[in-house]
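> build me a model:
(4 chains)
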4 protein chains.
Amino acid sequence: MPDQQPERDGPTYPAPIMALREELRRRQFWRAVLAETLGSLIFVSAVLGSSVPGPNGASPGPLYPALAGGMVAVSLGHCFGEMSGAQVNPAVTLAFLATRRLDLLRAVAYILAQCLGATLGTGILYLALPLKSSAECYVNKVSSEGNAGQALGMEALATFQLVFTIFSVEEQRRREGSEPGNLAIGFSLSAGILTAGLFSGGSMNPARSLGPAIITGIWEHHWVYWIGPVLGAILAGVSHEFFFVASASRQKLVA
Amino acid sequence: MPDQQPERDGPTYPAPIMALREELRRRQFWRAVLAETLGSLIFVSAVLGSSVPGPNGASPGPLYPALAGGMVAVSLGHCFGEMSGAQVNPAVTLAFLATRRLDLLRAVAYILAQCLGATLGTGILYLALPLKSSAECYVNKVSSEGNAGQALGMEALATFQLVFTIFSVEEQRRREGSEPGNLAIGFSLSAGILTAGLFSGGSMNPARSLGPAIITGIWEHHWVYWIGPVLGAILAGVSHEFFFVASASRQKLVA
Amino acid sequence: MPDQQPERDGPTYPAPIMALREELRRRQFWRAVLAETLGSLIFVSAVLGSSVPGPNGASPGPLYPALAGGMVAVSLGHCFGEMSGAQVNPAVTLAFLATRRLDLLRAVAYILAQCLGATLGTGILYLALPLKSSAECYVNKVSSEGNAGQALGMEALATFQLVFTIFSVEEQRRREGSEPGNLAIGFSLSAGILTAGLFSGGSMNPARSLGPAIITGIWEHHWVYWIGPVLGAILAGVSHEFFFVASASRQKLVA
Amino acid sequence: MPDQQPERDGPTYPAPIMALREELRRRQFWRAVLAETLGSLIFVSAVLGSSVPGPNGASPGPLYPALAGGMVAVSLGHCFGEMSGAQVNPAVTLAFLATRRLDLLRAVAYILAQCLGATLGTGILYLALPLKSSAECYVNKVSSEGNAGQALGMEALATFQLVFTIFSVEEQRRREGSEPGNLAIGFSLSAGILTAGLFSGGSMNPARSLGPAIITGIWEHHWVYWIGPVLGAILAGVSHEFFFVASASRQKLVA
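This next block holds a predicted model:
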């Protein structure tokens, strides 16, 4: 859910109030960027921390990061939802850009903030790791028997359903739904990780994949985690816009 | 939850508005059919993706698909709830038909859309699977020690509680409840998969069973996954209608 | 949450309306009893079905029944909450009786209905079980190394927090809270099963323990599952009433 | 969420009403202290009970206590939220003290109550334990391969996101949000336990760590579970206050 952008052609105010508004816009902008940084740091640290294998060395599978990621997404929606939309995901930000719900400057700033936050989060989790050799568990990997195309398809599919949910919830919020939208987004994220987990690690978030790649230096198949989620997200945003919203607003006019 | 059907005997409008309304109805119809197709594709891909066994070859049991299925049902309720009811399940559609909340044309179109979407979803998940031999994990199977009758009974029971919940939530929505109904439906679906999982795989959804049967060619006991859920769903819909709603509306009249 | 009881000293109506009201009351009563029976059947079948060990013979531990039980409790709140309160638990019913929120006749009828529903549910699950020898997994058992007193304490503690939550949610409903109360009750039930699971099986519900005892004939330590939950439930109900509600209503008067 | 504190400079009332108000304040105070004691007892018993290893001796990992703790936090929000805020955590209380949302007397009383409740809860769970030698599973421990600094960092990070969520939910409650805040807090707690579980046990709550230390006499690294959570909590409270709330209220003034 993108933040409300200040209207461009509002009423004209006297100079001091104009300056105050300008100042405020700048503050809001930086607050939103800070929110994306901090939110991405928290999100990535939750997903990575819950991916650490137990004492017996066995990987916990996608269940732990799915639950931790989905749950922390719900709480981040409460923490930063009103500042920046708590997007914490470059793919989501690009989907908002593609559907003109965010301007280019803001989208670029958010994506840089998300990548910074994710890298900081990974760094903290790397420092906290007792055995540095197990840092590999932080990296999204293509299933050992599968190929990159299969992983890319699963990432695109999982991100599609996530971003479609985000757009639907945002639309319902405008019309004051009573269903808890943050919860639907969190559940959608958890379901996506469970769905794609054994194929591609279930990233759906380029920043979440970038952080571990930077910290561990493992860049294998890294492009999959940018192309797949971005493809799915933009497809979801555009299809939500053109197929569904258009006819929905028409429907309203007549009914 | 069925979509609102256009009233049959509304006020008479001048010809151009009539034509517009007619056009709109057609658009809404196709939008709903598209929503059922896409929704079934997403639902089935979440359930199948989370059923894939881990690297050690062990089946994850019904927990993963139960959580993924229930969670994605919540988010689908947000995505497609207002277009088609996000039924994504022929048994649910037939229960709505049996209680006259959907007309025959719409019910048939929805069921075809659901089966198409489920087959497409299975196809994508089949292509994404590294080892095609493990596609068997997608198929709902009767417990190896049990018989078809036992599986059918469990499918009917699990679907009964799911569809009873759907009907109850729908009724509460008409009276503006503050409890999140999508969540109750998702939880009911998860609980049903956990309940019937080790007996019959916990399908409760003929389309979810049809897709893998078509793609893998494994049709053993397939009839169980049509008869069981449809039986449970229609029983739930009819019993909800006749036993409970009737006296509830009477109660209102007096109280 | 108990159903609204018809007021005793309402306005006087002409004879035919009186008869209609009387008739209605009788209908509501039987509808509530039917709701408790059906609800208990569904609840018990969800808890038992999810307790069945997997193909490798290992018990799934308390996680599966905890999730299935909690989730189905949320959906039962939607299905039967307005008819009978969806209590499906003799301990809860006795707590309502002890705090005078239910009259004796209704409480007795509910408890009989709950025991009947639980036994029917266990019977269905027994018939569905491929290997009858594994029916033991349905029975609540005291931890093999522990004693009955320890199990009784844990049952009382877990039921205390469950019933305290139910009473609190019910009180909030009167004042139109926006938090989803059904969810809190379901979570409380899940948490209770996870808490007491390895000590006593986490029943918190005499009917849930009675059904399997009748069907399998295993009555060892059965009294624990009546005394423990009823003790915890009545303690919760009474302490909620006297300690907290009294001062809360006073607070309102002044503030 | 802190309870509403009686306003200091309210209207002047005649003497008897003043006395009644004074009496009431005292009652509310003790009710809140009792709520913190009972709430901490229930919270700690849920977390400890779900940490007990299964019959095969294997630790269940952080999943069980994460789910039980988060779920019981949701239901405690319903039970005690209006009495004391259901803080049940000295770190949260100190964050409220640091941001002047609680006065010193109340904060000290709450913390003592929380430590008392946690110790009582641990005592009950210790008595219920069949093999006293396994009481070690109740104690939060630094990962065997890691050091205290790593555990402290993870506790601070996990508590930071928990307390930031609590402050955000509290702020939204003042403005009547429709999203269920208790759920966000519970999810945040679950996510925190999953995140930090394998590093430090995922306490985020000094009282939850104190109880088992007192009962079992294992005090190794105990200071980590006071410094880490309190650091994270105060940092979260202060940063929420100064960075975000300040500009948010300004924003309102102009927009």
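> keeping just the C-alphas, turn stretch A:195-215 into PDB.
Output for stretch A:195-215, consisting of C-alpha atoms alone and laid out as PDB, is shown next (Å, rounded to 0.1, in the frame of the first residue of the first chain):
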ATOM      1  CA  THR A 195       4.600 -22.900  -2.000                       C
ATOM      2  CA  ALA A 196       7.900 -22.000  -3.600                       C
ATOM      3  CA  GLY A 197      10.200 -23.000  -0.700                       C
ATOM      4  CA  LEU A 198      11.400 -26.300  -1.900                       C
ATOM      5  CA  PHE A 199      11.800 -25.100  -5.500                       C
ATOM      6  CA  SER A 200      13.600 -21.800  -5.100                       C
ATOM      7  CA  GLY A 201      13.700 -21.000  -1.400                       C
ATOM      8  CA  GLY A 202      10.600 -18.800  -1.600                       C
ATOM      9  CA  SER A 203      12.100 -15.300  -1.700                       C
ATOM     10  CA  MET A 204       9.500 -13.200  -3.600                       C
ATOM     11  CA  ASN A 205      11.800 -10.300  -2.600                       C
ATOM     12  CA  PRO A 206      14.900  -9.200  -4.400                       C
ATOM     13  CA  ALA A 207      16.200  -7.300  -1.300                       C
ATOM     14  CA  ARG A 208      15.900 -10.400   0.900                       C
ATOM     15  CA  SER A 209      18.000 -12.300  -1.600                       C
ATOM     16  CA  LEU A 210      20.500  -9.500  -2.200                       C
ATOM     17  CA  GLY A 211      21.500  -9.100   1.400                       C
ATOM     18  CA  PRO A 212      22.800 -12.600   1.900                       C
ATOM     19  CA  ALA A 213      24.400 -12.600  -1.500                       C
ATOM     20  CA  ILE A 214      26.400  -9.500  -0.600                       C
ATOM     21  CA  ILE A 215      27.400 -10.800   2.900                       C
END
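> quick one: it near chain D?
No: on the criterion Cβ under 8 Å from any Cβ of the partner chain, stretch A:195-215 is out of touch with chain D, staying 13.9 Å away. For every residue, glycine as well, the C-beta is placed using N, CA and C.
> what's near enough to touch residue A:18?
Residues in contact with residue A:18, defined by Cβ atoms under 8 Å, 6 or more residues apart in numbering or on different chains, are absent; none qualify.
> for the helix or strand where it lies, the distance to its chain's centre please.
Of the helices and strands defined by DSSP states H and E, residue A:18 is found in helix A:15-49. Relative to its chain's centre, helix A:15-49 lies at 15 Å (Cα atoms, centre = their mean, to the nearest Å).
> which elements pack onto whatever helix or strand comes next after that helix?
Where DSSP H and E defines the elements, the next helix or strand beyond helix A:15-49 is helix A:63-80. When contacts are defined as 3 or more Cβ pairs under 8 Å, 6 or more residues apart in numbering or on different chains; DSSP states H and E, helix A:63-80 sits against helix A:15-49, helix A:181-200, helix B:63-80, helix D:63-80, helix D:148-174, helix D:181-200.
> in TSV: the ones you listed, plus distance to residue C:198.
Rendered in TSV, the data for the helices and strands packed on helix A:63-80 read as follows (distance: least, Cβ to Cβ, whole Å):
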stretch	distance to residue C:198
helix A:15-49	26
helix A:181-200	26
helix B:63-80	18
helix D:63-80	9
helix D:148-174	25
helix D:181-200	18
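> among the ones you listed, which is nearest residue B:44?
Set against residue B:44 and scored by Cβ to Cβ, the helices and strands packed on helix A:63-80 come closest in helix B:63-80, at 9.3 Å.
> what angle do helix B:148-174 and whatever helix or strand comes next after that closest one make with each other?
Stepping forward along the backbone from helix B:63-80, the first helix or strand reached (DSSP H and E) is helix B:90-98. Using axes from the mean of the first three to the mean of the last three Cα atoms, to 10 degrees, the interaxial angle of helix B:90-98 with respect to helix B:148-174 works out to 60 degrees.
> so after helix B:90-98, what's the next helix or strand?
helix B:104-128.
> how about low-confidence regions in the stretch 51-200 of chain A?
Low-confidence segments of the stretch 51-200 of chain A (pLDDT under 70): A:55-60, A:175-179.
> residues from it in reach of chain D?
Listed as neighbours of chain D in the stretch 51-200 of chain A under the rule Cβ under 8 Å from any Cβ: A:52-55, A:60, A:63-64, A:67-72, A:74-75, A:77-79, A:82-83, A:124, A:127-131, A:176-178, A:180-183, A:186.
> and the closest residue to residue A:126 other than its chain neighbours, what helix or strand is that in?
Residue nearest to residue A:126 in three dimensions, not counting chain neighbours: residue A:215, with 5.0 Å by Cβ to Cβ, 6 or more residues apart in numbering or on different chains. Assignment of secondary structure by DSSP H and E places residue A:215 within helix A:206-216.
> what about residue A:16, how many neighbours?
Residue A:16 has 8 neighbours, counted by other Cβ atoms under 10 Å in any protein chain shown.
> cool, the one 10 residues further on as well?
As a burial measure, residue A:26 scores 10 neighbours (other Cβ under 10 Å).
> what of residue A:133?
Under the neighbour criterion other Cβ under 10 Å, residue A:133 is assigned a count of 8.
> sweet, I'm off.
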